[in-house]
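Visitor: Have a look at this fold, sequence not included:
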């Protein structure tokens, strides 16, 4: 009997613990303009968002939405038109809002929810302080650089004093926040991310401290993962390096240093490691920062012990195997080849048969959305490039002969297809995982460049022709 009572007691205790662990918090609102509309509460998770709860507002626009501790972080209220109002989903705060609509945030009053009130207060005051700082910065430059004003030291000192006072006021607000609250973590990070454009353009003396702020971010911190700032933080970090007035070579050194710090930080959390490094790799590719995307790829494959997702590993392997300076594999033209202006008996049987100073090998297909435009651009540049010894070789990943012939017959350069799509030996040998993909080779098939577009390739031709 005592054993049964003990079991019942433990089950009750577990039930109470589970209820407490996932106790519900609420967001209530009254917005007359939203009467009868479905209101959604969205949360942030990494680089995406998810639905937490939804409710249909009554005729007076009143609604109630629920969230649990698994949703703590930033969230947004969204109406049927996609208009959103950002809120903090905090522990033990019954957030209560009243206003006209989510589309007019200036009309919204936060009736209850201390962290949200502090968030709104800082957001409003910080904007005004930034506007004042911009004005004082402008005046400071006049008094420092214009000979008409440099002799007036008293105004210069007054300007410096006021700039320091405004900055200190911002810092004092942040320092007085309760350090255990989410808002005390979120506001400094939001301020860091939003400051990048101004720092790069007007306050270049703050670049080192701003970079250090990004480099000390903990990318495994769940507060960052739930903030909606993860992508902004990564993009702002590398944008600042790229636009900080350094030479490109120096910028790559700084980017690679940041990559080292991020990777070392993330190694303790394999899921976030894969998610964030893949995002960073694609970002570097998108911005044509190939030196650093290659550095990231080789580092992840060679130096990191985390298990990589298969798709990410395949993308990175392309960089290790096909990086600048490596020798590209030969390609056998085993099936159909279109070679305008070349007699059938003189058609090349492989890439190594082609004796040109340079060869631009392009992987693409008719089904690739970006390929038609890119290949048409290559066609326009082709005659110009030929003058400098560049031949273009198009490797089609189409699967049907009639499709390949229809697509490639009008190109002025050599085209080949073996109708095996991604199983093509050429695509596998070159570790191609997306189209269009390009490799510029010299006559020994040494990889000189991985152009990201026809215009990028044309810029290289202009540079190379100037070296001759």
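Guide: Cool, got the structure. Every value quoted in this text rests on a predicted model; they were computed, and no experiment measured them.

Visitor: contacting residues for residue 340?
Guide: If you count contacts by CB atoms under 8 Å, 6 or more residues apart in numbering, residue 340 has them with 411, 412, 413, 414. For the C-beta atoms, the positions are set from N, CA and C on the backbone; glycine is no exception.

Visitor: Which helix or strand contains the nearest residue to the first one once chain neighbours are set aside?
Guide: In this case it means residue 411. Closest residue to residue 411 apart from its sequence neighbours, by CB to CB, 6 or more residues apart in numbering: residue 379 at 5.7 Å. Using DSSP states H and E, residue 379 sits in helix 371-386.

Visitor: So which other helices or strands are in contact with the next helix or strand after that helix?
Guide: Next helix or strand after helix 371-386 toward the C-terminus (DSSP H and E): strand 390-396. If you count contacts as 3 or more CB pairs under 8 Å, 6 or more residues apart in numbering; DSSP states H and E, strand 390-396 packs onto strand 358-364, helix 371-386, helix 401-408, strand 414-417.

Visitor: which residues are contacting the third one?
Guide: When you say that, I think you mean helix 401-408. Helix 401-408 has contacts (CB under 8 Å, 6+ apart) with 336, 338, 365, 366, 372, 394, 396, 398, 415, 417, 419.

Visitor: so that helix versus helix 371-386, what angle?
Guide: If you take axes from the mean of the first three to the mean of the last three CA atoms, to 10 degrees, helix 401-408 sits at 50 degrees to helix 371-386.

Visitor: Could I get the average pLDDT for helix 401-408?
Guide: This predicted structure assigns helix 401-408 an average pLDDT of 90.

Visitor: now swap in the last one and tell me
Guide: When the per-residue pLDDT values of strand 414-417 are averaged, the result is 91.

Visitor: The first one now?
Guide: Averaging the model's pLDDT scores along strand 358-364 yields 94.

Visitor: looking at this protein, which helix or strand does the model trust least?
Guide: Lowest by mean pLDDT, DSSP states H and E among the helices and strands of the chain is helix 2-21, with a mean of 44.

Visitor: Can you classify the closest residue to residue 167 other than its chain neighbours as helix, strand or coil?
Guide: Ranked by CB to CB, 6+ apart and with sequence neighbours excluded, the top spatial neighbour of residue 167 is residue 133, at 7.3 Å. For residue 133, the assignment made with DSSP: H, G, I helix; E, B strand; the rest coil gives helix.

Visitor: so who does residue 133 touch?
Guide: Residues counted as contacts of residue 133 (CB under 8 Å, 6+ apart) are 163, 166, 167.

Visitor: Then residue 238?
Guide: Contacts for residue 238 (CB under 8 Å, 6+ apart) come out as 255, 258, 280, 283, 284, 287, 289.

Visitor: And the furthest pair within these?
Guide: The largest separation in these, counting by CB to CB, is between 258 and 287 at 13.9 Å.

Visitor: With neighbour numbers in mind, choose between those two.
Guide: For the pair residue 258 and residue 287, the greater number of neighbours falls to residue 258 (20 against 15), based on other CB atoms under 10 Å.

Visitor: these two touch, right, that one and residue 236?
Guide: No - with contact defined as CB atoms under 8 Å, residue 258 does not reach residue 236; the gap is 11.7 Å.

Visitor: Quick check, pLDDT for the closest residue to residue 134 other than its chain neighbours.
Guide: Leaving aside its chain neighbours, residue 134 sits nearest to residue 202 (6.9 Å; criterion: CB to CB, 6+ apart). Note on residue 202: pLDDT of 86.

Visitor: burial count for residue 202?
Guide: A count of nearby residues for residue 202, using other CB under 10 Å, gives 14.

Visitor: Torsion angles phi and psi at it?
Guide: Phi and psi for residue 202, reported as degrees, to the nearest 10, are phi -120, psi -20.

Visitor: Tell me how far it lies from residue 195.
Guide: According to CB to CB, to the nearest Å, residue 202 and residue 195 sit 10 Å apart.

Visitor: Is it possible to get a markdown table of the contacts of residue 133 that adds pLDDT?
Guide: What follows is the contacts of residue 133, written out as a markdown table (pLDDT from 0 to 100):
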| residue | pLDDT |
| --- | --- |
| 163 | 88 |
| 166 | 88 |
| 167 | 88 |
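
Visitor: These, buried ones only, as a ChimeraX selection?
Guide: Provided next is the ChimeraX selection string for whichever of these are buried by 16 or more other CB atoms under 10 Å:
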select :163
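
Visitor: State the distance from the nearest residue to residue 243 once chain neighbours are set aside to residue 240.
Guide: What sits nearest to residue 243 in space, not counting adjacent residues and going by CB to CB, 6+ apart, is residue 200, at 4.8 Å. Separation of residue 200 from residue 240 (CB to CB) stands at 6 Å.

Visitor: Residue 402 too?
Guide: Taking CB to CB as the measure, residue 402 and residue 240 are separated by 51 Å.

Visitor: which one of those two has more residues nearby?
Guide: Using other CB under 10 Å, the more surrounded residue of residue 402 and residue 240 is residue 240, with 22 against 8.

Visitor: Let me know the secondary structure of residue 76.
Guide: Following three-state DSSP, residue 76 is assigned to strand.

Visitor: count of neighbours near it?
Guide: Neighbour number of residue 76 under other CB under 10 Å is 19.

Visitor: again, but for residue 255
Guide: Residues lying near residue 255 (other CB under 10 Å) number 22.

Visitor: How about the one 5 residues further on?
Guide: By other CB under 10 Å, 15 other residues sit near residue 260.

Visitor: remind me which residues of the stretch 301-450 of the chain are low pLDDT?
Guide: For the stretch 301-450 of the chain, the stretches with pLDDT under 70 are 302-315, 341, 343, 345-346.
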